[in-house]
Structures are given as C-alpha cells and as structure tokens.
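>>> Just need the structure, nothing else, for what follows:
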Amino acid sequence: MKNRADYGPKSVEALKAALQDNPDSAALLYNLGVSLVAERNLEEAKKAFEEVVAMEPNIAEAYVQLGGLAMHKGDLDECLKMNKKATEVRPRFAVPWGNIGFVHMQQQNPDKAVKALKRALSFDPQFIQAHT
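Numbers count the residues shown, from 1 in each chain. Modelled structure (predicted):
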C-alpha cells in the first residue's frame with residue numbers, strides 16, 4: 001500500500017504534463033493549484049490560482065483558494081476581498097460566505113459575521129464550519 005506522500009509529487013507532475021498538452025485548461029490548472037497546496041508549495045499554488053482567474057474569471061473556487069492562501073499569511077483584508085469576489089461570481093456558494101463570516105469574527109465584527117454565516121447556512125444548511 002502506498003503512503004499519502006507517494007501521491008503528491010506524481011499528481012503535480014502528471015498535472016504539469018497534462019497542462020503541456022492542454023495549456024488553456026483552467027480546470028487542470030486549478031487542480032494543479034490544489035495539489036500544490038496539498039504539498040505545501042503555497043507560492044506556486046498562488047500563481048496557479050491567479051492564472052486560473054486570469055484565464056477563467058468565473059471559477060469561484062479559485063478565489064476561495066486565493067483567500068485561503070491570504071489567510072495563511074495573515075492577510076485578512078485580502079482573504080475577505082477574494083471571498084467577496086467568489087460570492088460575486090457565484091452568489092449561492094456557501095463556502096465563501098462562511099469564510100467571510102470567519103474573517104469578520106477575526107476582525108471583531110460579530111454582527112457582520114453572523115449575517116455572513118447565516119447566509120452561508122441558507123445556501124447549505126449542513127455547512128458545519130458555518131454552524132460552529
């Protein structure tokens with residue numbers, strides 16, 4: 001049985017190879033970014049997600065990922081900005097609303113946080129992070 005580490009680099013390499021054959025695939029590039037995050041290669045992941053939104057600005061998940069990377073660096077304002085962008089692209093996507101709520105909590109804005117978290121739950125009543 002392979003351990004988890006056996007999948008990361010091969011996955012990244014396989015995705016990079018696939019992108020050589022299909023350089024205009026935002027989906028492949030997004031998946032590369034996710035694999036890079038899993039490997040903790042955050043700078044390269046950020047570049048991949050930035051390329052995704054430049055190529056296909058309607059992929060809300062890429063903005064959420066960029067927000068997560070900003071949060072990891074402690075940049076709450078950028079995290080908030082990226083998640084708001086995700087809600088503009090896909091207004092009924094619960095995840096960015098939950099993230100917006102989390103940022104507002106971190107910024108000591110409980111009223112804004114509750115509003116965003118309630119919105120997240122209106123789109124996904126089973127969204128555990130929003131409940132907590």
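>>> residue ranges with poor pLDDT in this protein?
Counting by pLDDT under 70, the ranges of the chain that qualify are 1-10.
>>> the domain parsing of it - what is it?
Domain assignment for the chain, taken from automatic domain parsing, gives 1-56, 76-132.
>>> Of those, which stretch is the most buried?
For the domains of the chain, the stretch with the most neighbours on average is domain 76-132, a mean of 18; neighbours defined as mean count of other Cβ atoms under 10 Å. Placement of C-beta: from N, CA and C, glycine included.
>>> now that one, how far from the centre of its chain.
The gap between where domain 76-132 is centred and where its chain is centred comes out at 13 Å by Cα atoms, centre = their mean, to the nearest Å.
>>> export the domains of the chain to a markdown table and tack on distance to residue 67?
What follows is the domains of the chain, written out as a markdown table (distance: least, Cβ to Cβ, whole Å):
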| stretch | distance to residue 67 |
| --- | --- |
| domain 1-56 | 10 |
| domain 76-132 | 3 |
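>>> what's the closest of the ones you listed to residue 64?
The closest approach between residue 64 and any of the domains of the chain, judged by Cβ to Cβ, belongs to domain 76-132 at 5.0 Å.
>>> and the end-to-end length of the closest one?
Taking Cα to Cα, to the nearest Å, domain 76-132 runs 19 Å from one end to the other.
>>> Do you have the helices of the protein handy? List them.
8-21, 26-38, 42-55, 60-72, 76-89, 94-106, 110-123, 128-131 (DSSP state H).
>>> do you know how far the closest residue to residue 56 other than its chain neighbours is from residue 105?
Nearest-residue entry for residue 56: residue 26, 3.8 Å, with adjacent residues in sequence omitted and distances by Cβ to Cβ, 6 or more residues apart in numbering. When distance is defined by Cβ to Cβ, to the nearest Å, residue 26 is 32 Å away from residue 105.
>>> What of residue 84?
The span separating residue 84 from residue 105 equals 16 Å under the rule Cβ to Cβ.
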